[in-house]
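Trainee: below is the sequence, then the predicted model.
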Amino acid sequence: MRRRVVITGIGTVNPTGNNVEESWKSIREGRHGIAPITAFDASESSVKVAGEVKNFDPFNVITKKETRSMARFAQFAVVAAEEAIAMSGIHADKDDPTDDTGGIISSGIGGIDVTEQEHSRGIEKGFERVNPHYIPMTISNMAAAQVAIRHGFRGMCTCPVTACAGGSNAIGDAFHRIRDGYEDVMIAGGTESSITPLAIGGFTSMRALSRSEDPDRASIPFDAERSGFVMGEGTGVLVMEEYEHAKARGAKILAEIVGYGSNCDAYHITAPSPNGEGGAACMKLAIKDAGLKAEDIDYVNAHGTSTHLNDSGETAAIKAVFGDHAKEMAVSSTKSMTGHLLGGAGGVEAVFCVKALEEGFIPPTVGYKTPDPECDLDYVPNEGRNADLHYVLSNSLGFGGHNACLIFAKAE
């Protein structure tokens, strides 16, 4: 018998706010977090804006000594996990470890900022003089490991590295671990911090990033004038539990996770398959996994990157899956407010899906002005709206053809 899986805690650090309350307020009000790049001198870069996390202070959670051996992407995850764990009220004591709790936290690039810094140091001083913490700071699995070590979680601890699908793969894999009886509790999500000269340069050279210098017109999913995505950074983390486990300890249930699909386009290293066939198949897998019909879905939190191929292909995929219901259903992209967090995107968007169900509110796609004939759904332009939501679907589609789709349900 499949066990039910519920969400009892959420945490986030992202360009719209450094905790759930602050971020969700921005999302409800349609305020984006995109601004001129400050992480490095972008005067020579043709990309001038990004979704940076602002005024991040980890020291309420992490000591200064710990930050010297913890890259920014891992710091984000530790802080967000602390918020989610505190909200959930689960047992989390490193001096009293538990085997029934695990963690799956994705990162697509890990500590690329540290790699750039230490490479420069190595050229200047010799490569045997780089920071002795360099390797454990930069490897992508370290966010999950740091959370597990801090709290004594001895269950499965891993890190899917599936580009922009990673955060959703982490949550979906954790969902199945609990549903199938391996753990009772999982901490899951995604994290990323790659607003760096090399990462921005790499995505710019492949013409993936928007070169707009207007923060209000840079990340504009589904708009005919979209010209590429805006790099964001941050993390989103969920505490997920087996239903009876949560019920027995009197936990507040925020939402339920009911479906997960994951597949591969097997088509191209960066471009999605034509007309979004892979994404469409992934949505169908999630709907089947949840035991639902397509018309049961009330809202889709789209991958919605603001690139031409993604947004037109994802629109086609949604229409292929939902048929006539696609025209009645709300579809929006919160990347219009956060930018694209790569491996962190699915985690942050899962937090927004939980809040959408909890408060009966559909986030907007901000910055939308110019309709595109290829993108002709209800994208909830510029202003969010109240709605009676029961089932919400979240798409994450990554380079390499990796697709992940999650379905969340309103708490009973």
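Mentor: On my side now, so go ahead.
Trainee: next helix or strand past the worst-scoring helix or strand of the chain on mean pLDDT?
Mentor: Ranked by mean pLDDT, DSSP states H and E, the weakest helix or strand in the chain is helix 64-67, scoring a mean of 93. As assigned by DSSP states H and E, the chain's next helix or strand after helix 64-67 is helix 72-88.
Trainee: mean confidence score for that following helix?
Mentor: For helix 72-88, mean pLDDT rounds to 98.
Trainee: which other helices and strands contact that helix?
Mentor: strand 5-13, strand 101-106, helix 142-151, strand 185-192, strand 234-242 (3 or more C-beta pairs under 8 Å, 6 or more residues apart in numbering; DSSP states H and E). In this view, the C-beta of every residue, glycine as well, is placed from N, C-alpha and C.
Trainee: now the least confident helix or strand of the chain: buried residues?
Mentor: By neighbour count on 16 or more other C-beta atoms under 10 Å, the buried set for helix 64-67 is residue 66.
Trainee: where do the domain boundaries of the chain fall?
Mentor: Domains of the chain are assigned by automatic domain parsing as 5-248, 260-410.
Trainee: of the helices and strands packed on helix 72-88, which approaches residue 252 most closely?
Mentor: Minimum separation from residue 252 across the helices and strands packed on helix 72-88 (C-beta to C-beta) falls at strand 5-13, 6.6 Å.
Trainee: quick check: angle from that closest one to strand 234-242?
Mentor: 160 degrees (axes from the mean of the first three to the mean of the last three C-alpha atoms, to 10 degrees).
Trainee: how far is the helix or strand just after strand 5-13 from where the chain is centred?
Mentor: Using DSSP H and E, the helix or strand that follows strand 5-13 towards the C-terminus is helix 20-29. Relative to its chain's centre, helix 20-29 lies at 16 Å (C-alpha atoms, centre = their mean, to the nearest Å).
Trainee: not counting its own residues, what contacts helix 20-29?
Mentor: 10-12, 14, 16-17, 32-33, 83, 87, 334, 337, 351-352, 355, 361, 363, 384 (C-beta atoms under 8 Å, 6 or more residues apart in numbering).
Trainee: for the next helix or strand after it, packing partners?
Mentor: Counting by DSSP H and E, the next helix or strand C-terminal to helix 20-29 is strand 35-36. Applying 3+ C-beta pairs under 8 Å, 6+ apart, one finds that strand 35-36 makes contact with strand 49-50.
Trainee: confirm residue 312 sits in a helix?
Mentor: Yes: counting by DSSP: H, G, I helix; E, B strand; the rest coil, one finds residue 312 located in a helix.
Trainee: need phi/psi at the closest residue to it other than its chain neighbours.
Mentor: In space, not counting the residues next to it along the chain, residue 312 is nearest to residue 374; the distance is 4.1 Å by C-beta to C-beta, 6 or more residues apart in numbering. With angles defined as degrees, to the nearest 10, residue 374 sits at phi -80, psi -10.
Trainee: OK, contacts around residue 374?
Mentor: 311-312, 315-316.
Trainee: which one of the helices and strands packed on helix 72-88 lies nearest to residue 206?
Mentor: strand 185-192 (17.6 Å).
Trainee: can you pull out the strands in the chain?
Mentor: Taking DSSP state E as the test, the strands found in the chain are 5-13, 35-36, 49-50, 101-106, 157-158, 185-192, 234-242, 255-264, 299-301, 330-332, 361-362, 385-386, 391-398, 402-410.
Trainee: thought residue 226 was touching residue 218?
Mentor: No: using C-beta atoms under 8 Å, residue 226 makes no contact with residue 218, being 9.4 Å away.
Trainee: okay, and the common contacts of the two?
Mentor: With C-beta under 8 Å, 6+ apart, residue 226 and residue 218 have common neighbours 210, 306.
Trainee: could the domains of the chain go into TSV alongside distance to residue 254?
Mentor: Shown next, in TSV, are the domains of the chain (distance: least, C-beta to C-beta, whole Å):
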stretch	distance to residue 254
domain 5-248	5
domain 260-410	5
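Trainee: tell me which of the strands of the chain sits most buried.
Mentor: Stretch with highest mean neighbour count among the strands of the chain: strand 185-192 (a mean of 34; mean count of other C-beta atoms under 10 Å).
Trainee: show me where pLDDT drops low in the stretch 251-400 of the chain?
Mentor: Within the stretch 251-400 of the chain, the set of residues satisfying pLDDT under 70 is empty.
Trainee: now do the helices in it.
Mentor: Remark: helices assigned in the stretch 251-400 of the chain by DSSP state H, counting those that start in this stretch are 277-290, 308-322, 335-338, 345-359.
Trainee: and those as JSON lines, adding distance to residue 130 and mean neighbour count?
Mentor: Below are the helices of the stretch 251-400 of the chain laid out as JSON lines (distance: least, C-beta to C-beta, whole Å; neighbours: other C-beta atoms under 10 Å):
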{"stretch": "helix 277-290", "distance to residue 130": "40", "mean neighbour count": "22"}
{"stretch": "helix 308-322", "distance to residue 130": "37", "mean neighbour count": "22"}
{"stretch": "helix 335-338", "distance to residue 130": "32", "mean neighbour count": "30"}
{"stretch": "helix 345-359", "distance to residue 130": "30", "mean neighbour count": "27"}
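Trainee: dump these into TSV; add distance to residue 248 as well.
Mentor: Output for the helices of the stretch 251-400 of the chain, formatted as TSV (distance: least, C-beta to C-beta, whole Å):
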stretch	distance to residue 248
helix 277-290	24
helix 308-322	37
helix 335-338	36
helix 345-359	21
